[in-house]
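Visitor: coords please:
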Amino acid sequence: MRNLRAYRLKIVPLTDNVIWREAGKIKGVHIISLADAFAVATAIVKDDKLVVGRDDDFNKVDTPLIKVR
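Guide: Predicted coordinates for the structure are as follows:
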């Protein structure tokens, strides 16, 4: 957890309808989980990078990624 603080992560509540709509669009186009679709949608709406692990689940989405171990 201490290493993740270096990325200045923020908790974003999912009360924003823009994020919900974007997640729906992403889920409709990509074969990813709903949770992953929300993560991608949040990065897109907030115009930020998405911090992910080393898996390839996010390689097909069009958002800047930061890969961590």
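
Visitor: show me the shaky parts of this protein.
Guide: Along the chain, the model assigns pLDDT under 70 to residues 1-5, 7.

Visitor: tell me the helices in it, going along the chain?
Guide: Along the chain, counting by DSSP state H, helices occupy 2-5, 17-29, 34-45.

Visitor: residue contacts, the closest residue to Val51 other than its chain neighbours?
Guide: Of all residues not flanking Val51 in the chain, Ile66 sits nearest, at 4.8 Å (CB to CB, 6 or more residues apart in numbering). Every residue, glycine included, has its C-beta placed from N, CA and C. Neighbouring residues of Ile66 by CB atoms under 8 Å, 6 or more residues apart in numbering: Tyr7, Lys49, Leu50, Val51, Val52.

Visitor: list the contacts for the closest residue in space to the third one that isn't next to it in sequence?
Guide: Okay, so that is Leu50. Nearest residue to Leu50 in three dimensions, chain neighbours excluded: Ala43, at 4.0 Å (CB to CB, 6+ apart). When contacts are counted by CB under 8 Å, 6+ apart, Ala43 touches Lys49, Leu50, Thr63, Pro64.

Visitor: give me that answer again for 10 Å
Guide: With contact taken as CB atoms under 10 Å, 6 or more residues apart in numbering, Ala43 is in contact with 12, 19, 22, 49-52, 58, 61, 63-66.

Visitor: just the buried ones among those, please.
Guide: By neighbour count, with 16 or more other CB atoms under 10 Å, the contacts of Ala43 hold Val12, Ile19, Glu22, Leu50, Val52, Phe58, Val61, Thr63 as buried.

Visitor: what's the nearest residue to the fifth one if we skip its chain neighbours?
Guide: Leaving out its chain neighbours, the residue that sits closest to Val52 by CB to CB, 6+ apart is Phe58, at 5.1 Å.

Visitor: next up, phi/psi of Thr63, please.
Guide: Phi and psi for Thr63, reported as degrees, to the nearest 10, are phi -150, psi 140.

Visitor: that one touches Asp36, doesn't it?
Guide: No: here Thr63 lies out of contact with Asp36, judged by CB atoms under 10 Å, at a distance of 11.1 Å.

Visitor: now for those two: what residues contact both?
Guide: Contact criterion CB under 10 Å, 6+ apart; residues shared by Thr63 and Asp36: Ile26, Leu50, Val52.
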